[in-house]
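Asks: Pasting a predicted model and its sequence here:
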Amino acid sequence: MFGTFTPRHGPLVTYRPAGDRCVLVEYGEAEPELALNFFAVRALAGLHQHPPPGFVDAAPGFRSILVRFDPERCSRQRLLDHLSELHEHQPDVSSLVVPSRVISLPIAFDDSETGRAVELYARSIRSDAPYLGEGGNIGHIAEQNGLAGPEELFERVLGTEWWTAFTGFAPGLPFTFSLRAPTGLSVPKYNPTRAWTPEGAVGMGGPCLAVFPVESPGSYQLIGRTVPIFDMLARNRAFRDGPFLCRAGDRLRFERVAEPELADIRRRVLEDRYEYLVEDAPFAVADYLGAGDGG
């Protein structure tokens, strides 16, 4: 019943049991290859478009999908047969067109709130951490990556679109990767973890950039802050259809603003006087694969 399956096009597919009501679908080998995520996001869209009887929901990972089903309406074998047929009809990765949106977000680099999180960490958790030296997290990232200084780091963040591979850890938190590969950035995480991170903080860990949707612990190096991306109260029209702004397959594009301007934008978000810039823009994988630098 479980095991591996090789479709006509695309990577190796592995089916694994995950309790009585879930199946874990894994794609390819355990390596951080964006092409695997493109395939997973496209397969997820196909599953939602053509769900089997008893389908409940599905959650993507970087190269996986966790599928939840109702065993009273669909046997596990029937679900696996449906998934295999879905994968068999997937086109080759290079010809995939993935449902996607471009979301433009303002960002204030080196803001006071993320600075406060770094200071609290230094006072209460670990004062001798190497990422707390001159320039804080931002200075550490620049030094670790041989950059001329903070401005070069900011230019690299602004100079690419960030692909949302999946969401998790906190409600709607997007884990994103540069589509201009590589950015040349690799960032060590906190050790141990921070006890507090402000909502809206933007941080990096390894090659991944994430936006914190709620106040929470966190281990990513902090570089700035943006607008809310999660709102259970739907105070802004962007959240009327659901509390999460970002979903797998979205591309984030950051636009630099000063901290006072960001504070004003954040107020307008909560007063429903700010319109999020969200553009439907299907993503052609061939354009990414065909570009020498991925951008």
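Replies: Thanks, I have the structure now.
Asks: Partner strands of the helix or strand of the chain with the lowest mean pLDDT, with direction?
Replies: Every helix and strand in the chain was compared by mean pLDDT, DSSP states H and E; the lowest is strand 3-5, with a mean of 82. Here strand 3-5 is paired, per DSSP bridges, with strand 13-17 (antiparallel).
Asks: can I see the domain layout of this protein?
Replies: 3-93, 101-290 (automatic domain parsing).
Asks: which residue of the protein sits farthest from its center?
Replies: If you look at how far each residue of the chain sits from its centre, by CA atoms, centre = their mean, the farthest one is residue 72, at 33.4 Å.
Asks: got a list of what the residue nearest to it when sequence neighbours are not counted touches?
Replies: Leaving aside its chain neighbours, residue 72 sits nearest to residue 54 (7.3 Å; criterion: CB to CB, 6 or more residues apart in numbering). C-beta: built from backbone N, CA, C; applies to glycine. By CB atoms under 8 Å, 6 or more residues apart in numbering, the contact set of residue 54 is 69, 70, 71, 72, 73, 74, 78, 79.
Asks: Now pLDDT and distance to residue 115 too, for the residues you listed, in a markdown table please.
Replies: Converted to a markdown table, the contacts of residue 54 look like this (pLDDT from 0 to 100; distance: CB to CB, whole Å):
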| residue | pLDDT | distance to residue 115 |
| --- | --- | --- |
| 69 | 97 | 46 |
| 70 | 97 | 48 |
| 71 | 95 | 50 |
| 72 | 94 | 53 |
| 73 | 95 | 52 |
| 74 | 93 | 51 |
| 78 | 94 | 54 |
| 79 | 95 | 49 |
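Asks: okay if I get those as a markdown table plus secondary structure and distance to residue 258?
Replies: Formatted as a markdown table, the contacts of residue 54 follow (DSSP: H, G, I helix; E, B strand; the rest coil; distance: CB to CB, whole Å):
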| residue | secondary structure | distance to residue 258 |
| --- | --- | --- |
| 69 | strand | 49 |
| 70 | coil | 51 |
| 71 | coil | 55 |
| 72 | coil | 56 |
| 73 | coil | 54 |
| 74 | coil | 53 |
| 78 | helix | 56 |
| 79 | helix | 51 |
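Asks: which of the residues you listed are buried?
Replies: Buried by 16 or more other CB atoms under 10 Å: 69, 74, 79, out of those.
Asks: Residue 193: which of these is nearest?
Replies: residue 69 (34.3 Å; CB to CB).
Asks: does the closest one really touch residue 20, like I thought?
Replies: No - with contacts counted by CB atoms under 8 Å, residue 69 stays clear of residue 20, the gap being 9.8 Å.
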